[in-house]
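Novice: Okay, here's the prediction I keep looking at, along with the sequence it came from:
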Amino acid sequence: MMKCISILGSTGSIGRQSLDIISRLPDVKVAALTAGTGVERMAEQCRRFRPDLAVMATEEAAQALKGMISDLPTRVSYGEAGLIEAATMEEADCVITAVVGMVGLKPTLAAIRAGKRIGLANKETLVCAGELVMAEAKKYGAEIVPVDSEHSAIFQCLMGSRNRREIKKIILTCSGGPFFGMEKERLKHVTKEDVLRHPTWKMGPKITVDCATLMNKGLEVIEAMRLYDLPLEQVDVVIHRQSIVHSLVEFVDGAVMAQLGSPDMRLPIQLALTYPERTVCPVEPLDLTACGALSFYKPDLETFPCLALARACAAKGGTACPAMNGANEEAVAMYLKNEIGFYDIYRLVRDAVEEVPFIQNPTLEEILEADRLARACVKKRATTD
């Protein structure tokens, strides 16, 4: 069991649930907490968990936090440098990366190079630089334990598998979001409130929009390829509305293993901290007699083209993936500010992927540049189209 934890993104959904789990584990200390600009919530967390370091996104937010916790010994920092310091603190043996977006890439790489266990909840890290990240993890002996429910499920299904050649296929389950079964014409008129009303999970707005477009599942396909070193052809997606089966693995002998559980992120979070042990978890146990029938469907790639676009970028590799991710982050941010429509997200991301110059084996700097160019493309096209 990990004994000292840094949480990158502690005021978000995953971060708050991570702290809930930590509060229930014996003798676990918090080394560092980081957040965006949510000063009041960060101050509350600092008073309860007494981290050595607290990091805010901006200098202004950091100054405000300093004033609120001036009576505590917690140091306060800000920005990318602060994030990297939180990720590499000597006393921390595990770093939960729960920040959203590309901002998590450099701190995660820094934590890997410091030999930490990574409780990975920042899928963009592997989507944009998965080959580089996994190579660094192998080089520095850093253990990556996924926190996303789907990838944690795969991780658990593979615990007894010693040879990756035994895997025939990974099957990621997808709730289908709030618009499962709807026709494309109807989706042109959905409201932001409709988009943010996920049927199963309570998450932040960005990931909730990604679930509605199915881009989130596309990102997870790429993440699975990197985590388990598999080609695209061995990663599949099925719609599973009940969110009880969190993902499955089909083996070459025809056996299929699935991880089932209540839809509560605290279970995969706790496993990331206690692995290879399992301990009692506060999640309500799954009652098979009460969960009803379990159904599975093929995703509708015509109505939800973001999933098809993500798979195409996965097949192409190189800078196609960071360009797609950066464009999607920018487009979703614009959508949440009511600047574009629901299907504009797909259109803008597709156009950015086509426009950004492609590099097959990019360096970290070229990955970051593809991200920058894709964001710029989205902004330009959104204002001129």
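Specialist: In hand now; what should we look at? Numbering: from 1, shown residues only.

Novice: Name the nearest residue to residue 257, ignoring sequence neighbours.
Specialist: residue 157 (4.3 Å; C-beta to C-beta, 6 or more residues apart in numbering). Glycine gets a C-beta too; all of them are placed from N, C-alpha and C.

Novice: Can you name the residues that contact residue 301?
Specialist: With contact set as C-beta atoms under 8 Å, 6 or more residues apart in numbering, residue 301 has these partners: 307, 308.

Novice: quick one: it from residue 214, how far?
Specialist: As judged by C-beta to C-beta, to the nearest Å, residue 301 and residue 214 stand 9 Å apart.

Novice: close enough to count as contact, the residue nearest to residue 257 and residue 256?
Specialist: No - the pair formed by residue 157 and residue 256 falls short of the contact definition of C-beta atoms under 8 Å, at 9.1 Å.

Novice: anything in contact with each of these two?
Specialist: 248, 249.

Novice: The two: who's more crowded?
Specialist: For the pair residue 157 and residue 256, the greater number of neighbours falls to residue 157 (22 against 12), based on other C-beta atoms under 10 Å.

Novice: Tell me who's in contact with that one.
Specialist: Counting by C-beta under 8 Å, 6+ apart, residue 157 touches 247, 248, 249, 257, 258, 259.

Novice: Then residue 80?
Specialist: Applying C-beta under 8 Å, 6+ apart, the residues contacting residue 80 are 103, 106, 107.

Novice: Tally up the residues packed near the second one, please.
Specialist: Close neighbours of residue 106, defined as other C-beta under 10 Å, add up to 18.

Novice: That one is in contact with residue 83, isn't it?
Specialist: Yes - Residue 106 sits in contact with residue 83 when judged by C-beta under 8 Å, with a separation of 7.5 Å.

Novice: remind me, longest helix of this protein?
Specialist: Using DSSP state H, we find that the single longest helix of the chain is helix 364-384.

Novice: re the thing from before, wait, which of the contacts of residue 80 is closest to residue 194?
Specialist: Nearest to residue 194 among those is residue 103, at 28.1 Å by C-beta to C-beta.

Novice: one step back: so among the contacts of residue 80, where is pLDDT lowest?
Specialist: Of all those, residue 103 carries the smallest pLDDT score, 88.

Novice: so it makes contact with residue 83?
Specialist: Yes - with contact defined as C-beta under 8 Å, residue 103 counts as touching residue 83 (7.3 Å).

Novice: higher neighbour count, the two?
Specialist: Using other C-beta under 10 Å, the more surrounded residue of residue 103 and residue 83 is residue 83, with 28 against 20.

Novice: in what helix or strand does that one lie?
Specialist: helix 79-88 (DSSP states H and E).
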